[in-house]
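Visitor: Next one to model:
(one chain, ligands or ions: 1)
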Amino acid sequence: MSERRVAIVTGAARGIGAAIARRLAADDYIVLLACRDSQKGETVAAECREHGVDALVVAGDVTCAEDCSTLVKTAIGHYGRIDLLVNNAGITRDNLLVRMKPEEWDEVLRTDLTAVYMMMRLVTPYMLRARRGRVVNITSVAGITGNAGQANYAAAKAGVIGLTKSAAKELGSRGILINAVAPGFIETDMTKDLPEKQAKAALDHVSLRRFGKPEEIAAVVSFLASDAASYITGQVIVADGGLAL
Ligand code: NDP
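Guide: Take a look at the predicted model:
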């Protein structure tokens with residue numbers, strides 16, 4: 001079994017997931033990067049290795065139960081332990097509710113909520129055996145406040161909060177701490193196509209008057225994974241520059 005702690009990060013090829021993977025490597029974690037595009041993942045893995053730790057790209061789709069199982073088996077097969085699971089992979093398929101197609105609803109629910117359940121279901125038995133472990137789920141401010149045009153996304157992200165709190169209650173007595181991070185507007189591919197007028201309107205509601213950086217979310221994940229967060233479970237840490245005040 002590896003002496004170093006081992007983390008799985010889903011959707012680690014770009015955006016917030018890539019920043020989390022790099023940050024955890026800097027924190028001395030071995031990182032398994034779960035990516036659909038393994039080539040993009042390899043670039044991030046190489047950056048992780050610069051911190052002197054092992055990093056492994058595992059290709060797969062989080063909506064596929066078999067891929068999730070392979071990911072967890074790879075972590076255990078290679079390193080014998082999983083200390084931290086970060087459920088970060090996510091998508092948006094925005095539309096007004098009256099126009100929302102069933103496939104837009106399904107795709108977002110499967111990626112942003114069901115996959116989180118699936119990964120937690122697969123990883124927690126190993127954490128139970130170790131009587132320790134951490135899970136950090138990336139939700140969204142939209143899951144707390146709701147957002148017009150994002151009924152599917154907000155429902156999935158609100159679901160992640162309920163899942164986080166329930167699992168924290170179930171598993172706390174076994175040393176497993178489960179929290180969520182709710183980012184506001186963060187500069188990634190997910191927000192880059194926001195029309196200028198909409199982006200400006202959004203910024204008017206952000207107290208800090210700027211979008212966040214992926215590294216600012218990675219820092220919160222790093223804290224929740226650390227020994228400093230040993231008495232925190234079932235919480236949603238909002239990192240939104242004051243958007244949801
Ligand atoms: P990006 O669109 O930049 O990246 C999303 C990542 O998730 C990509 O690596 C993507 O892989 C991966 N992914 C998507 N679907 C799947 C799938 N089925 N299987 C495996 N991987 C998948 O988004 P962000 O980095 O901005 O978002 C990361 C998380 O943060 C998401 O959960 C998002 O909802 C949340 N969030 C983001 C906010 C923001 O403002 N950016 C605000 C609030 C929450 P691939 O490269 O293959 O497409």
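Visitor: Which residues of the protein lie near the ligand?
Guide: Remark: the part of the chain in contact with the ligand comprises 10-11, 13-17, 36-37, 40, 61-63, 88-91, 111, 138, 140, 183, 185-186, 188-191, using C-beta under 6 Å from any ligand atom. C-beta: built from backbone N, CA, C; applies to glycine.
Visitor: where does Ile8 fall, phi/psi-wise?
Guide: In this entry, Ile8 is assigned phi and psi values of phi -110, psi 130 (degrees, to the nearest 10).
Visitor: got a pLDDT number for it?
Guide: Looking at Ile8, its pLDDT stands at 98.
Visitor: ok, now Leu194?
Guide: 86.
Visitor: pLDDT averaged over stretch 222-238 - what is it?
Guide: 98.
Visitor: ugh, typo on my part, it should be stretch 113-127
Guide: Per-residue pLDDT values across stretch 113-127 average out to 98.
Visitor: Report the buried residues of it.
Guide: Buried residues in stretch 113-127, counted by 16 or more other C-beta atoms under 10 Å: Leu113, Thr114, Ala115, Val116, Met118, Met119, Met120, Leu122, Val123, Thr124, Tyr126, Met127.
Visitor: What ranges does the chain have for its strands?
Guide: 6-10, 30-35, 55-59, 84-87, 133-138, 176-183, 236-239 (DSSP state E).
Visitor: can you list the ones you listed in a markdown table and add mean neighbour count?
Guide: What follows is these, written out as a markdown table (neighbours: other C-beta atoms under 10 Å):
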| stretch | mean neighbour count |
| --- | --- |
| strand 6-10 | 29 |
| strand 30-35 | 29 |
| strand 55-59 | 21 |
| strand 84-87 | 29 |
| strand 133-138 | 26 |
| strand 176-183 | 25 |
| strand 236-239 | 18 |
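Visitor: Pipe those strands into a markdown table and attach distance to Glu107 per row.
Guide: A markdown table is the format used below for the strands of the chain (distance: least, C-beta to C-beta, whole Å):
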| stretch | distance to Glu107 |
| --- | --- |
| strand 6-10 | 16 |
| strand 30-35 | 18 |
| strand 55-59 | 20 |
| strand 84-87 | 17 |
| strand 133-138 | 17 |
| strand 176-183 | 21 |
| strand 236-239 | 24 |
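Visitor: What sits closest to the most centrally placed residue in the chain if chain neighbours are left out?
Guide: The residue at the geometric middle of the chain, judged as the C-alpha nearest the mean C-alpha position with C-alpha atoms, centre = their mean, is Asn88 (2.0 Å). Excluding its sequence neighbours, the residue lying closest to Asn88 (C-beta to C-beta, 6 or more residues apart in numbering) is Gly17, at 4.2 Å.
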